[in-house]
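J.: Okay, here's the prediction I keep looking at, along with the sequence it came from:
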Amino acid sequence: SAFGYQIPPVEEAIKTADIVLDTNVLLLPYGAGSGSLGEIIKVFRPLAEEKRLFLPGQVAREFIRNRPNKLSELQQQLQDKISRFLAIDKLNFPILEGDAEYSKLHDTMAKTSALKKELGDASAAVVQKIKSWEWNDPVNTAYRTVFSPTTIISPAIDRVKTLAELRRRQRMQIPPGYKDAAKDDSGIGDFLIWLTILEIGSKNKKPLFFVSGEEKSDWQH
């Protein structure tokens, strides 16, 4: 059956395929510009309207858990960049005292202290703005226009049987996800995403694309 199975070309399959997104795809816009976010939503929205866009429930949970970390990283990166600006210490070269060019240089350097304070105040205002977003940051707000209860899929599972199957797959190194066995949750996240992909495929019986930045060998060759 493996030799006889034919997969349609990507160019053909993408026209009708269901699209399933991984967590790293949802988090990607937090490191991109507003223009990139707009382009991403332009791609997501028609897929959602055609009922071809899906999120595993596990992906939604991971996004909710990791989203505050992305905002924290944004704040830290901003503050780190601003902190690299250093005011230049006052010059002390007595031999140049009274020289017009030296006086001009001295006055110009004195402005760096005022500029550093101004940058610090502006940076603090931006950080406060980020903190005020709470659940209304630009990415999450944009996602509200795309994702809905019908987009998020959480298949019913038998907890005991699922954990047993997870351990068997990890022991036998059956992909996907067995490389995450050392994680605090025993690496069940990727397996739950895989079960959701199978659920969507079984129900809709059409080509399906899983969009991910995952590059470990337990997810891709």
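T.: That came in fine, so what should we check first?
J.: and Glu97, how far is that from Leu91?
T.: Distance, Glu97 to Leu91, using Cβ to Cβ, to the nearest Å: 10 Å. The C-beta positions use only the backbone N, C-alpha and C, and glycine is treated the same way.
J.: so what sits against both of those two?
T.: Residues touching both Glu97 and Leu91 (Cβ atoms under 8 Å, 6 or more residues apart in numbering): none.
J.: which residues are in contact with the helix or strand harbouring Leu55?
T.: Here Leu55 sits within strand 53-56, counting by DSSP states H and E. With contacts defined as Cβ under 8 Å, 6+ apart, strand 53-56 is touched by 18-21, 26, 44, 47, 146-147, 151-154, 192-193, 196-197, 200.
J.: Give me the subset of those residues that lies in strands.
T.: Counted as lying in strands by DSSP state E, out of the contacts of strand 53-56, are Asp18, Ile19, Val20, Leu21, Ile152, Ile153.
J.: In contact with the fifth one, which residues are there?
T.: Looking back up the chat, that one is Ile152. Phe54, Leu55, Pro56, Gly57, Ala60.
J.: For beta bridges, what are the partners of it?
T.: Leu55 (DSSP bridges).
J.: In this protein, which helix is the longest?
T.: Secondary structure of the chain per DSSP state H: the longest helix is helix 100-133.
J.: In the lowest-mean-pLDDT helix or strand in the chain, which residues are buried?
T.: Using mean pLDDT, DSSP states H and E, the weakest-scoring helix or strand in the chain turns out to be helix 100-133, at a mean of 86. For helix 100-133, the neighbour count (16 or more other Cβ atoms under 10 Å) marks His106, Lys116, Leu119, Ser123, Val127 as buried.
J.: For Leu166, state which of these is nearest.
T.: Val127 (40.9 Å; Cβ to Cβ).
J.: which residues does the closest one contact?
T.: If you count contacts by Cβ under 8 Å, 6+ apart, then Val127 has Gln75, Leu78, Gln79 around it.
J.: ok, of the residues you listed, which one's closest to Arg159?
T.: Gln75 (37.6 Å).
J.: So for the helix or strand containing the closest one, what gets flagged as buried?
T.: For Gln75, the enclosing helix or strand under DSSP H and E is helix 57-83. Residues Gln58, Val59, Ala60, Arg61, Glu62, Phe63, Arg67, Lys70, Leu71, Leu74, Ile82 are the ones in helix 57-83 that count as buried (16+ other Cβ under 10 Å).
J.: Give me the residues contacting stretch 66-74.
T.: Contact partners of stretch 66-74, identified using Cβ under 8 Å, 6+ apart, comprise Thr23, Leu27, Tyr30, Gly31, Ile130, Trp133, Asp137, Val139, Asn140.
J.: Buried subset of those residues as a PyMOL selection?
T.: The buried residues among the contacts of stretch 66-74 can be selected in PyMOL (16+ other Cβ under 10 Å) with this line:
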select buried, resi 23+27+30+137+139+140
